[in-house]
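A.B. asks: Predicted model and sequence follow; I will ask about them next.
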Amino acid sequence: MDEVKDTVIGALKANLKGVTVLTPVVENAWTNGRLHFPVHRVEIARERDRYSIQLFSLSKLGHFIEVPKELVDEEHPLLFKPYEILGLFELGTSQTGYKDSSDLFKAYCEYGCFEAIFDKVPNEIREGMFGISKEIFEFPLETKLKNISEKPMHGYMGMIPQLPLYESLCIPDLLNPQSLETFANIFWPHGNHHFRNLVKSYSNPLVELDEMLKRMILENLGLKNHIDELMNPNYFLFRFTHYKGSSIISGDENNKTAGLGGHTDGNFLTFISQNQVNGLQINKNGEWIDVNISPNSYAVLAGDSFKAWTNGRLHSPLHRVTIAGESDRLSIQLFSLSKPGHFIETPKELVDEEHPSLFKLYEMLGLFEFGTSQTGYRDPCNLLKAYCGV
Ligand SMILES: O=C(O)CCC(=O)C(=O)O
Ligand SMILES: [Fe+2]
């Protein structure tokens with residue numbers, strides 16, 4: 001049974017250093033993950049009873065599900081060990097199988113971060129994204145500087161004396177087609193369909209994952225009825241980030257160079273993927289933990305605004321990037337925010353005598369602005385409290 005537990009889909013695993021892994025989409029084991037079995041549920045919204053009939057095709061008791069060897073090769077390593085369907089059913093109805101979403105929630109409260117194994121973004125799309133990201137950063141600085149915005153954190157960031165390896169470009173308001181077009185035109189003045197399609201194919205499934213996680217978090221807080229408050233003002237920033245590797249930087253553990261200093265994100269959720277060069281670290285109780293993001297996974301971090309909205313229930317982890325070696329690191333971030341002009345306000349259900357209100361009402365862009373100001377810059381680890389702490 002323990003073996004099944006390790007491999008079964010939908011179950012959560014605490015990986016080595018406490019960062020938890022979530023597989024939100026149930027994969028089909030026999031095809032070695034090629035087919036998807038979607039997570040689904042039934043909601044009853046009317047007074048009328050609902051009857052439904054299901055026909056399930058299974059395999060006989062005692063028969064083991066085993067991936068055909070033709071579906072396993074270097075590019076497709078074996079994902080699931082042989083198991084009996086009844087074993088999987090048993091796990092599904094056990095404590096372990098049932099509590100996955102509350103485990104995920106607990107990890108958000110404690111670590112504020114997961115590694116999400118999520119293969120709804122096909123490998124070739126991810127690879128295409130990193131290919132095009134490399135291309136973009138090879139453009140001359142004067143081209144990249146055209147990615148400007150009057151809003152904080154909405155444009156090019158780089159040429160920062162304290163962070164000489166770091167450079168990042170931003171597509172603001174990702175779901176607005178005009179915004180994607182404007183970004184593409186900086187680099188390809190005659191347009192680039194391939195680029196636009198790549199970005200959409202990469203980000204659409206993550207936008208869905210963002211909603212799924214928010215629903216799950218609200219469910220665990222007993223606040224399902226507040227979902228519109230989170231979803232209606234939804235607004236995304238998309239960043240391509242480049243950390244320059246250098247032969248001067250040795251791979252020695254003690255000689256890592258700051259790629260990006262310690263900070264918390266100001267938004268709700270951040271989805272990070274990388275070319276296979278590690279560097280992201282999460283701080284837990286003063287200790288820096290390496291986050292190794294694999295080719296089909298994303299580090300999903302909770303940001304300060306989720307912490308504020310939940311009146312401190314969720315944790316927004318301090319994180320940084322260190323670079324150790326010659327290889328350039330490319331990472332991609334999808335940040336979920338709320339629209340400019342929308343105020344973050346904790347639902348009253350989360351405030352009581354035991355949980356007094358921790359944060360004043362604020363607008364996310366105000367928090368971003370504060371983060372880029374002199375005062376905010378001096379203490380980037382305590383922005384939320386300094387900006388709107390009660
Ligand atoms: O590059 C990364 O892995 C993380 C970047 C990051 O933390 C940020 O842009 O806020
Ligand atoms: Fe960050």
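C.D. replies: It's in. Ligands and ions are numbered 1, 2, ... in the order given.
A.B. asks: so for stretch 191-208, what's the average pLDDT?
C.D. replies: Mean per-residue pLDDT for stretch 191-208: 96.
A.B. asks: ok, the one helix or strand residue 114 maps to: who's next to it in the sheet?
C.D. replies: Using DSSP states H and E, residue 114 sits within strand 113-117. Strands that pair with strand 113-117, judged by DSSP bridges, come out as strand 20-22 (parallel), strand 297-302 (antiparallel).
A.B. asks: Confidence-wise, which of the ones you listed is weakest overall?
C.D. replies: strand 20-22 (a mean of 43).
A.B. asks: what helix or strand is the spatially most central residue of the chain on?
C.D. replies: The chain has residue 271 as the residue nearest its centroid, 2.2 Å off, counting by C-alpha atoms, centre = their mean. Counting by DSSP H and E, the element that carries residue 271 is strand 269-274.
A.B. asks: ok, then the element right after that strand?
C.D. replies: strand 280-284.
A.B. asks: Extract the CA atoms of that following strand and return them as CSV.
C.D. replies: C-alpha atoms of strand 280-284 as CSV (Å, rounded to 0.1, in the frame of the first residue of the first chain):
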residue,chain,number,x,y,z
LEU,A,280,15.6,29.7,-6.1
GLN,A,281,15.7,29.4,-2.3
ILE,A,282,13.0,29.7,0.3
ASN,A,283,13.6,30.8,3.8
LYS,A,284,12.1,28.7,6.6
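A.B. asks: any idea how far the residue lying closest to residue 346 once chain neighbours are set aside lies from residue 348?
C.D. replies: Nearest non-adjacent residue to residue 346, counting by C-beta to C-beta, 6 or more residues apart in numbering: residue 311, 4.5 Å away. For the C-beta atoms, the positions are set from N, CA and C on the backbone; glycine is no exception. Noted for residue 311: a distance of 10 Å to residue 348, by C-beta to C-beta, to the nearest Å.
A.B. asks: the more surrounded of the two?
C.D. replies: Using other C-beta atoms under 10 Å, the more surrounded residue of residue 311 and residue 348 is residue 311, with 20 against 9.
A.B. asks: that older thread, now the strand holding residue 114, how far from the chain's geometric center?
C.D. replies: Remark: strand 113-117 is offset 7 Å from the chain centroid, using C-alpha atoms, centre = their mean, to the nearest Å.
A.B. asks: and after it, which helix or strand comes next?
C.D. replies: Downstream of strand 113-117, the next assigned helix or strand under DSSP H and E is helix 123-137.
A.B. asks: which parts of that following helix are buried?
C.D. replies: Judged by neighbour count (16 or more other C-beta atoms under 10 Å), helix 123-137 contains these buried residues: 125, 126, 128, 129, 130, 132, 133, 136, 137.
A.B. asks: Quick one: mean pLDDT for it?
C.D. replies: For helix 123-137, the mean confidence score works out to 97.
A.B. asks: hmm, that helix in reach of ligand 1?
C.D. replies: No - judged by C-beta under 6 Å from any ligand atom, helix 123-137 stays clear of ligand 1, getting no closer than 11.6 Å.
A.B. asks: Run the angle between that helix and strand 269-274 for me.
C.D. replies: Per axes from the mean of the first three to the mean of the last three C-alpha atoms, to 10 degrees, the angle that helix 123-137 makes with strand 269-274 is 80 degrees.
A.B. asks: where in the chain is pLDDT low?
C.D. replies: When residues are selected by pLDDT under 70, those of the chain lie in 1-28, 36-58, 61, 84-101, 247-255.
A.B. asks: Provide the count of other residues in contact range of the residue of the stretch 201-350 of the chain at minimum distance from ligand 1.
C.D. replies: Per C-beta to the nearest ligand atom, residue 331 is where the stretch 201-350 of the chain lies closest to ligand 1, at 3.5 Å. By other C-beta under 10 Å, the residues close to residue 331 number 24.
A.B. asks: isn't it right next to residue 270, touching?
C.D. replies: No - with contact defined as C-beta atoms under 8 Å, residue 331 does not reach residue 270; the gap is 10.7 Å.
A.B. asks: residues in contact with residue 195?
C.D. replies: 132, 184, 187, 188 (C-beta atoms under 8 Å, 6 or more residues apart in numbering).
A.B. asks: And for residue 164?
C.D. replies: Residue 164 touches residue 244, counting by C-beta under 8 Å, 6+ apart.
A.B. asks: Go ahead and produce PDB holding the CA coordinates of the strand or helix carrying it.
C.D. replies: Assigned by DSSP H and E, residue 164 falls within strand 163-171. Extracted in PDB, the C-alpha atoms of strand 163-171 (Å, rounded to 0.1, in the frame of the first residue of the first chain):
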ATOM      1  CA  LEU A 163      22.200  42.800  -8.800                       C
ATOM      2  CA  PRO A 164      24.500  42.800 -11.800                       C
ATOM      3  CA  LEU A 165      23.300  39.300 -13.000                       C
ATOM      4  CA  TYR A 166      19.600  40.100 -12.900                       C
ATOM      5  CA  GLU A 167      17.500  41.200 -15.800                       C
ATOM      6  CA  SER A 168      13.700  40.800 -16.200                       C
ATOM      7  CA  LEU A 169      11.000  41.800 -18.800                       C
ATOM      8  CA  CYS A 170       7.300  42.100 -18.100                       C
ATOM      9  CA  ILE A 171       4.100  41.500 -20.000                       C
END
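A.B. asks: That strand to helix 123-137, inter-axis angle?
C.D. replies: 120 degrees.
A.B. asks: right, and the helix or strand after the lengthiest helix in the chain?
C.D. replies: Assignment by DSSP state H gives helix 193-221 as the longest helix of the chain. Beyond helix 193-221 on the C-terminal side, the first helix or strand identified by DSSP H and E is helix 227-231.
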